[in-house]
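Asks: need a structure here:
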Amino acid sequence: MEKIVKSLLSDLKLEPVLMDIGASAEPPRIWNTIAPHSTYIGFDPDLREIHEDRSGRFRRSVIVNEAVIATAEPDVMFYLTRFPFASTTLEPDAGHVFNWLNSDQFDVERTATVKATTIDSALRRVNERGIDWLKTDSQGTDLRLFNSIDSGVRARMMALDIEPGFIEVYKNEDLFFDVHRDLTRNGFWLARLDIGRFIRMRRQSLDAARSIDPAIDEAFIKATVHGNPAYAEARYLRTLEWLAHHSFGEREYTLLWTFAVMDQQLGFALDVVFELEKIHGQSPLSRRLRTSTGALLRETHRRRQARKALTRVTGALERTVRRFVFR
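Replies: Numbers count the residues shown, from 1 in each chain. Next up is the predicted model:
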């Protein structure tokens, strides 16, 4: 897959723009394949100025040292929590979060007024006109940030990684149900969903249990108690109906095909090829995408069949060993 995608982007001179809101130590691993051809725009309020990343991983990498908000304001109140990655522009909701074992992660240690920017403003400052794939983990404001983007830029976005909550950790946060309804009504479909979990247990209960039995500490509870859905790590891809409605060209179809392949959505990737041919007719590009998708499907099938065969052999070996050991 990696060789096919890199060759395609190189030959077509496609340079995707990838934006990372809530950037942590590393950009999303899924972007590794296209990094040499892509522009990366990350946001890190700990840095003092916008700078170019000279690491060479991306074709171009720019870090913006400001918080991202939905409205044009010069600065914003930032809540710095005990767990740094939970810090946000929204105040944690103590009335709800205290029901969860890790509620102390959201304790506000201090607040600070930090410089702020909008996504549109950041794009202008780094001389980029659009975003092809947006990843946002803003701790509660993902949907409003997405909807704050210029409608033309937003319309051409082909992929979106977003992390809304199922529970109210922050006051007035964008929850998954609102996010999913809005996105699916506006030209996206849910391609991937991973569930992050918290343990529904008050810390006061843990303290009381520990006083009775010191062995029942936090590590004991985490190893014993089933976690409950707390937030979603969701990936959305554009629908083909959206592309057709907006009369998009080969660039958008090619990027959507590329992102689908990267996410192992090979059935949808084939849909993209046939829709491209339906809208724009057969071409050297469409035939290349069709051939590449077929090759990837066959290779994926071969690997999965090999894994199944290995699993059957391993299972048979384990059953044989158990019969000899326990007879």
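
Asks: pLDDT weak spots in the stretch 1-150 of the chain?
Replies: 23-25, 45-55 (pLDDT under 70).

Asks: just the strands in it please.
Replies: For the stretch 1-150 of the chain, the strands defined by DSSP state E, counting those that start in this stretch cover 17-21, 39-43, 51-52, 60-64, 67-68, 75-81, 108-117, 133-136.

Asks: OK, contacts around Y170?
Replies: By CB atoms under 8 Å, 6 or more residues apart in numbering, the residues touching Y170 are T88, L90, E91, P92, D93, Q139, G140. All C-beta spots, glycine's among them, are computed from the backbone N, C-alpha and C.

Asks: Of these, which is the most crowded?
Replies: Neighbour counts for the contacts of Y170, by other CB atoms under 10 Å, peak at G140, which reaches 26 neighbours.

Asks: Report the separation between that one and A219.
Replies: According to CB to CB, to the nearest Å, G140 stands 28 Å off from A219.

Asks: Please apply the same query to V5.
Replies: Per CB to CB, V5 is found 42 Å from A219.

Asks: Pick out whichever of those two has more residues nearby.
Replies: Between V5 and A219, counted using other CB under 10 Å, V5 has the larger neighbour count: 19 against 9.

Asks: check contacts around the more buried one.
Replies: V5 touches T33, I34, T258, V261, M262, counting by CB under 8 Å, 6+ apart.

Asks: and the two most separated of those residues?
Replies: I34 and V261 (10.5 Å; CB to CB).

Asks: thinking again about what came up before, closest to R181 out of the contacts of Y170?
Replies: When these are ranked by distance to R181 (CB to CB), G140 comes first, at 16.9 Å.

Asks: Pull up the per-residue confidence for the closest residue to the closest one other than its chain neighbours.
Replies: Nearest residue to G140, sequence neighbours excluded (CB to CB, 6 or more residues apart in numbering): E173, at 3.2 Å. Looking at E173, its pLDDT reads 95.

Asks: secondary structure element for E173?
Replies: Assigned by DSSP states H and E, E173 belongs to neither a helix nor a strand.

Asks: With the one 5 residues further on instead?
Replies: When elements are assigned from DSSP H and E, D178 belongs to helix 176-184.

Asks: From the contact counts, what lies against that helix?
Replies: With contacts taken as 3 or more CB pairs under 8 Å, 6 or more residues apart in numbering; DSSP states H and E, helix 176-184 sits against helix 142-148, strand 159-162, strand 188-198, strand 228-238.

Asks: The third one packs against which elements?
Replies: With contacts defined as 3+ CB pairs under 8 Å, 6+ apart, the secondary structure elements packing on strand 188-198 are helix 176-184, strand 228-238.

Asks: For D271, find the nearest of those.
Replies: Per CB to CB, nearest to D271 of the helices and strands packed on strand 188-198: strand 228-238, 10.7 Å.

Asks: Go ahead and name everything in contact with the closest one.
Replies: By CB under 8 Å, 6+ apart, strand 228-238 touches 100, 157-167, 169, 176, 179-180, 183, 187-200, 252, 256, 259-260, 263, 265, 268.
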